[in-house]
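Trainee: Prediction below, plus the sequence it came from.
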Amino acid sequence: MKFLISLLLLPLLLNGCSSAKKDKNLAESINLDVEEVKLDNGMTALLVNNPKLPIFSLYFFYKVGGKNEVPGITGASHFLEHMMFKGAKKFGKNTLDFIIEGSGGSTNAYTTNDQTVYYENLPSKELSMILDIEADRMENLSLDPDDFEKERAVVLEERKMRYENSPRGQLYQELMRNFFAGTPYGRSVIGEIPDLKSVTREQMHAYFKKFYAPNNVTLVLVGDIKTSHAKQMIREKFGKIPASPTVAQEHASLKDEAFQVTFKESKVIKKKGESPSPLFMMAYPTYKVGHPKGYALDVLSSILGSGKSSALINEYILVNRPVATSMYAAHQQLEKAGMFFIGGELLRGVKLDEFRQNLQKKLLSYCETEITPRNIQKIKNNYLVDLYGGLDTNAGLAQFLGDRQLLLGDWRHYKKELELYEKVNVDDVKSLCKETFSKPSVFVSVWNQHK
Amino acid sequence: MKYILTALLFVNTAFASDSFLDSVNRMKWNDLDVVWIEDDKFPKFTASLYFQDGALNDSVSGVTQATFDQLTAGTSKETQREISEFFDFYGANLRHSVTHEYSVFTVQALTKDIEPVIGKVCEIFKDAQYPQNELKSHLSRAKSGLKNLVTSHAALADRVYRRVSLEGTAYANPVEGTLKSFDQITPALLKSRLEGLNKTRKVLYLAGPSDVKDIRKVIEKNCHWTNETKVTPQMIQKPATQSTLYLVEVPNANQAQIRIGRYLVADEFKGKYDQFQFMASFLGGGFTSKLVQELRVKRGLTYSAGAYVSMQRDYGRAGVMTFSKNETTAEAISIIRNVFADVSAGRYENKEFVHQKNHQIGGYAFSFEQTNALLGQIMLYDHQNRDLADLVNFPKIIENLSKSELSSATMEVFPWDRQTIVVVGDKSLVKSLSRIRPVRVLNYQDYL
């Protein structure tokens, strides 16, 4: 429970938040009380005891996602995520959901470019049961042929909902396809339709065997647990599962260079869609997750697009003659590469090409006008509020730890992050602002007026 | 150690349901009712101001929503940007929600900033000017958003479903307003609406460490909120038999959104809140619910399906939401009909019934994990005039439910001939949907 006390001290330590004394830095003031377990087969487990309520959250972060797929089996990671709920050797066909929900729990999963994450929220007395289930499906997934075909149809429906019938989904997919063209990040995480229709059970099984192994997963358990007993159970249930002999090699074969964007000049992509108003995203290359420059870029994105007082909102929305109904900026850092993007929905009648040129000029001008000490302090204050919000639940803390362990190799990385955030200053942000917005960009729009 | 001990104490009492009620502190600050839950986990607070007044009192559709939307657009002393800058600097999160029966304005920030933040909230409630330019800009964006609804099939389905299913009642008007009503919204109208809201009955729901109570003096000095106006409930009649299926045509859709349900009048759900919620969860409350099993797991017809019963004080709504590809939309609707019929007739296995009970009772502790969510639940109970003891007794109430109560709840809420069916999809669906009911094709633009 040490971390709770430490977090309570946090607001007193922020610069400029009030007249607070500054006798400790931010990183020193937060100490998460995490027990780390490393099994002989390479599996990592992180445990935090929080006896607040008789419940816990359990997360499994598998290091496999869209970037691990090859043409022909795009969407395999996500399809496999669906199949992981369909049963294994000990807990048979379609029993998993019934066991979890029948205990008062909930479960779900998600797939990204870099990872596939499974999670459960359950009453504390069910810990042994859920660890059994997770061990069973890690080792002995069934991939029942009948379920495989039904789930293929479900995935195709999900794809329609998220992308084919959603202009925003189309926009993001088109941006990734063009921005990361020729790299694994340019492939669709949910999968191309021909691949989803043709992928076989055998291909999926081979993919599963390659990536679903103890040496490719991080378990995070937060809640009302007795850590010594939990550690013992984890060793018993997962310790006997063999490591994958090839997964390390698979990851090593994915060199950072293969993920770097290749365009040398700016690109403008116009895609016809159903949106009566133009939707757009404009992206610039940045740095992969964990890069020291990333933190100043996070601050920059918030200065530009977070909150009603941000630069983009005041330039294009909250004005007498608005040109947009929404504007946002974000810095997306993937394991191997990064992307700074600005997006929004424009009002009908706006001339898209003029808007794009205006936006590009404005972005560079913001490097001089918007990067002020007050704006940087504002973002740091907001970061603190968001941090509290993120750590408010067992699930939030599990997510926080797992992301860092999987993508940065060490959950303790938050210390370094806090240090870096605290050190971000006007010069850093200005310099990165100019560097970023001087690079070539990819501008994608979806609109029913495009041909 | 003070903080941590207090936190644990609260948590233990909150979950030890007998003493949960003691942790809900009810106070009176002059004319203002206040409910405070102590939460020392982090040095932050949530303040939710409940107004017993909502979109039912809109003189022009959407006026209450716009009154809250534009609350920070300017006062006699400060511009929109200055107000936004103030709240953003403190990391204060402002949000609001308007329903037909009530409205809620919520602010969250760090406890150390509570005085300036609440002070500013009081200022804007007292002195919001609704500048013409900002309002014009806001309405222009709101219109654009509505016109673009055609690209959000799920949101469009929800909007048309409300209008069609509640047609003829005071609840049919969309809270957000319409393209036509936006033209009638003026600064004077919004100022008048805010004046009304400031005088209507309200309750302040607070969560945070004990020093959040220090804002009493700020509120009493600056807010000038009174409880002069009482809102008259608007009662409605039970819905009539439905004989039409509504198809809302949208271009180039290869998937159709489906909404099936009806509205409820207060007499139907008073005293049956938990019974109806149990039924909704049994039908469509998780991966193991009947609808998800029948539509997704057994047949692969959809990615998701859900059922709900939402009950306010004087009216409620119940329904099913799902989607399917064009070729199987009619089949999906037939399956939903069969599920209603089977559960109404008790044609389900006892183990499914027991499973749902275990699901709800086992998950009870999660209701207490986030204080903000708990605060929202207490607010809803208060609005419904429900005793908070029901929340404490929830596991017992569920334990005592019988199969016949599940069946009768389904029969009462989901009789097929009273369900409004709305499908948003391609016009080619007319043929297959006509086998279910005569189809009436609607132009989505008439519902914007």
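Mentor: Ah, there it is. Residues are numbered from 1 along each chain as shown, chains lettered A, B, ... in the order given.

Trainee: Run a quick check on residue A:64 versus residue A:115, I expect a contact.
Mentor: Yes. Using C-beta atoms under 8 Å, residue A:64 is in contact with residue A:115, at 7.0 Å. Every C-beta, even on glycine, is put in place using the N, C-alpha and C of the backbone.

Trainee: Residue B:310 - that's part of a helix, no?
Mentor: No. Counting by DSSP: H, G, I helix; E, B strand; the rest coil, residue B:310 is not found in a helix; it is strand.

Trainee: For it, list the residues it contacts.
Mentor: Neighbouring residues of residue B:310 by C-beta atoms under 8 Å, 6 or more residues apart in numbering or on different chains: B:316, B:317, B:318.

Trainee: again, 7 Å this time
Mentor: Taking C-beta atoms under 7 Å, 6 or more residues apart in numbering or on different chains, we find residue B:310 in contact with B:316, B:317.

Trainee: Over to the one 10 residues further on?
Mentor: With contacts defined as C-beta under 7 Å, 6+ apart, residue B:320 is in contact with B:260, B:261, B:284, B:291, B:305, B:307, B:336.

Trainee: does the closest residue to the third one other than its chain neighbours sit in a helix or strand, and which one?
Mentor: Counting by C-beta to C-beta, 6 or more residues apart in numbering or on different chains, the nearest residue to residue B:284 once its immediate chain neighbours are dropped is residue B:307, at 3.0 Å. Taking DSSP states H and E as the criterion, residue B:307 maps to strand B:305-311.

Trainee: next one: residue A:41
Mentor: Applying DSSP H and E, one finds residue A:41 in no helix or strand.

Trainee: Tell me how far it lies from chain B.
Mentor: As judged by C-beta to the nearest C-beta, to the nearest Å, residue A:41 and chain B stand 30 Å apart.

Trainee: can you list the residues of the stretch 51-200 of chain A near chain B?
Mentor: Contacts of the stretch 51-200 of chain A with chain B, taken as C-beta under 7 Å from any C-beta of the partner chain, map to A:52-55, A:94, A:97-98, A:101-105, A:121, A:123, A:150-151, A:153-154, A:157-158, A:160-161, A:164-165, A:167.

Trainee: Among those residues, name the buried ones.
Mentor: When those are checked for burial by 16 or more other C-beta atoms under 10 Å in any protein chain shown, the buried set is A:52-53, A:55, A:94, A:97-98, A:101-105, A:121, A:123, A:150-151, A:153-154, A:157-158, A:160-161, A:164-165, A:167.

Trainee: my read: residue A:293 touches residue A:287, true?
Mentor: Yes. Using C-beta atoms under 7 Å, residue A:293 makes contact with residue A:287 at a distance of 5.3 Å.

Trainee: So what does the residue of the stretch 151-300 of chain A at minimum distance from chain B look like in phi/psi?
Mentor: Closest residue of the stretch 151-300 of chain A to chain B, C-beta to the nearest C-beta: residue A:153 (3.5 Å). In terms of degrees, to the nearest 10, the main-chain angles of residue A:153 are phi -60, psi -40.

Trainee: That one and residue B:302 touch, don't they?
Mentor: No. Using C-beta under 7 Å, residue A:153 is not in contact with residue B:302, being 9.2 Å away.

Trainee: picking that back up, after the strand holding residue B:307, next one along is what?
Mentor: strand B:315-325.

Trainee: Checking residue A:85 next. Helix, strand or coil?
Mentor: coil.

Trainee: And it, what's its pLDDT?
Mentor: You'll see residue A:85 listed with a pLDDT of 95.

Trainee: Provide a list of residues in contact with it.
Mentor: Taking C-beta under 7 Å, 6+ apart as the test, what residue A:85 contacts is A:96, A:97.

Trainee: Mind doing that once more with 6 Å?
Mentor: residue A:96 (C-beta atoms under 6 Å, 6 or more residues apart in numbering or on different chains).

Trainee: shaky segments in the stretch 101-250 of chain B?
Mentor: Residue ranges of the stretch 101-250 of chain B with pLDDT under 70: none are present.

Trainee: so which residue of it comes closest to chain A?
Mentor: Counting by C-beta to the nearest C-beta, the stretch 101-250 of chain B gets nearest to chain A through residue B:141 (4.4 Å).
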